[in-house]
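Enquirer: got a sequence here, can you build the structure:
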Amino acid sequence: MLNALLSLALAAAPCSAELVVLGTSQDAGTPQIGHPEDPAWRNPALRATAASLALIDHATGKRYLFDATPDLREQLQWLDTHDPAKGRGLGIDGIFLTHAHIGHYAGLMFLGRESAGSQGIPVYAMPRMAKFLTNNGPWGQLVALGNIALKPLSEGTPATLESGIAVIPYAVPHRDEYSETVGLMVAGTTARALYLPDIDSWELWESRMHIRIEDMIARADMAYIDATFFDDSELPPAVAAKVPHPRITTSMARFAALPAAVRARIRFIHLNHTNPARFADSPARARIAAAGFGVAEPGERFCLSKG
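Expert: Numbering: from 1, shown residues only. Next up is the predicted model:
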């Protein structure tokens with residue numbers, strides 16, 4: 001009886017910290033450069049910004065970003081409209097970077113002297129990522145001028161924010177030309193969410209780093225995972241071999257045996273402009289829904305802490 005009353009109280013409690021989806025597309029956004037045939041050029045409703053999440057800590061008034069995309073201006077404007085900053089300036093209290101591919105860090109350029117001229121915005125980065133930013137222009141200027149303040153991340157070690165929220169990085173196999181790549185587990189006081197927009201394959205993660213994606217999903221209450229391509233038909237084989245993301249069809253087959261409640265936690269994100277699942281009325285989207293999974297939508301929210 002006591003547990004039931006506690007569950008009811010938690011359900012009724014207001015959300016004190018939540019994640020908000022800011023973007024769902026692959027790094028270069030949708031529509032992409034060089035594709036004038038894309039209907040999104042003519043229909044703004046079909047456009048999508050690069051994959052990113054925001055953490056809104058209502059208890060402290062702080063706002064954090066997960067990845068700094070080339071669409072940062074538009075995404076921050078949307079955030080200012082729906083969850084206005086409490087203080088002065090940009091209202092970015094920290095940025096967590098997953099890796100050094102353009103859709104995940106290039107938005108830092110807007111923090112420099114040519115644009116916002118920010119001061120001391122904390123940027124949480126793994127060691128190679130931090131070294132890359134420090135030693136390569138124009139990013140090194142952001143560090144030298146104090147526009148950003150690099151904060152170290154360490155594999156498996158929580159970075160604890162105010163209100164008890166923790167962000168835990170987990171290294172994943174990916175094309176690591178300039179930095180390592182991580183997925184992030186964001187742990188609130190009542191729920192957890194996994195943000196993993198880029199990985200080469202679930203099998204490599206298991207064989208190289210001894211982490212099973214099923215175990216990570218089981219530990220989370222929501223999982224935003226790599227869905228760059230729907231299947232192998234989107235790219236020529238020679239090109240596809242160079243960008244070995246897990247296909248949505250492959251992921252759905254692998255996860256098919258999971259309980260329905262667990263499958264419902266999975267939200268596919270980071271969709272390439274070739275991915276038919278980007279269209280809400282597509283057979284691909286219907287197939288995803290019929291299998292018990294979801295596709296992330298801009299503006300959707302997930303509560304991490306209540307009370």
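Enquirer: strands of the stretch 151-300 of the chain, residue ranges please.
Expert: Assigned by DSSP state E, counting those that start in this stretch, the stretch 151-300 of the chain shows strands spanning 159-160, 166-171, 182-187, 192-196, 222-226, 266-269, 294-295.
Enquirer: partner strands of the fourth one, with direction?
Expert: In other words, strand 192-196. strand 182-187 (antiparallel), strand 222-226 (parallel) (DSSP bridges).
Enquirer: which residues sit against that strand?
Expert: 19, 53, 66, 98, 172, 183-186, 216-217, 219-226, 302, 304 (C-beta atoms under 8 Å, 6 or more residues apart in numbering). Using the backbone N, CA and C atoms, a C-beta is placed for each residue, glycine as well.
Enquirer: can you give me the strands in the stretch 1-150 of the chain?
Expert: 15-23, 52-57, 62-66, 94-96, 121-125, 148-152.
Enquirer: mean pLDDT added to those, as JSON lines?
Expert: Below are the strands of the stretch 1-150 of the chain laid out as JSON lines (pLDDT from 0 to 100):
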{"stretch": "strand 15-23", "mean pLDDT": "98"}
{"stretch": "strand 52-57", "mean pLDDT": "98"}
{"stretch": "strand 62-66", "mean pLDDT": "98"}
{"stretch": "strand 94-96", "mean pLDDT": "98"}
{"stretch": "strand 121-125", "mean pLDDT": "98"}
{"stretch": "strand 148-152", "mean pLDDT": "98"}
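Enquirer: just to revisit the earlier point, tell me which of the strands paired with strand 192-196 sits most buried.
Expert: strand 222-226 (a mean of 26; mean count of other C-beta atoms under 10 Å).
Enquirer: dump the residue contacts of Cys304.
Expert: For the record, residue 304 is Leu, not Cys. Neighbours of Leu304 in contact, by C-beta under 8 Å, 6+ apart: 15, 17-19, 55, 165, 186-193.
Enquirer: can you turn the buried part of those residues into a PyMOL selection?
Expert: To isolate the buried ones among the contacts of Leu304 in PyMOL, judged by 16 or more other C-beta atoms under 10 Å, type:
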select buried, resi 15+17+18+19+55+165+186+187+188+190+191+192+193
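Enquirer: nearest to Thr81, of the contacts of Leu304?
Expert: When the contacts of Leu304 are compared for distance to Thr81 (C-beta to C-beta), Glu18 wins out at 16.2 Å.
Enquirer: okay but that closest one is in contact with Ala54, surely?
Expert: No: judged on C-beta atoms under 8 Å, Glu18 makes no contact with Ala54 at a distance of 9.0 Å.
Enquirer: okay, now the unreliable bits of the stretch 51-200 of the chain?
Expert: Scanning the stretch 51-200 of the chain with the threshold set as pLDDT under 70 gives no residue ranges.
Enquirer: tell me where it has helices.
Expert: Here the stretch 51-200 of the chain has its helices, by DSSP state H, counting those that start in this stretch, at 72-82, 102-105, 127-135, 139-144.
Enquirer: and the angle from the third one to strand 182-187?
Expert: Think helix 127-135. On the basis of axes from the mean of the first three to the mean of the last three C-alpha atoms, to 10 degrees, helix 127-135 is oriented at 110 degrees to strand 182-187.
Enquirer: from Cys15, how far off is Arg301?
Expert: Distance, Arg301 to Cys15, by C-beta to C-beta, to the nearest Å: 8 Å.
Enquirer: again, but for Trp202
Expert: Trp202 is 31 Å from Cys15, by C-beta to C-beta.
Enquirer: spatially central residue for this structure, please.
Expert: Ser52 (4.3 Å; C-alpha atoms, centre = their mean).
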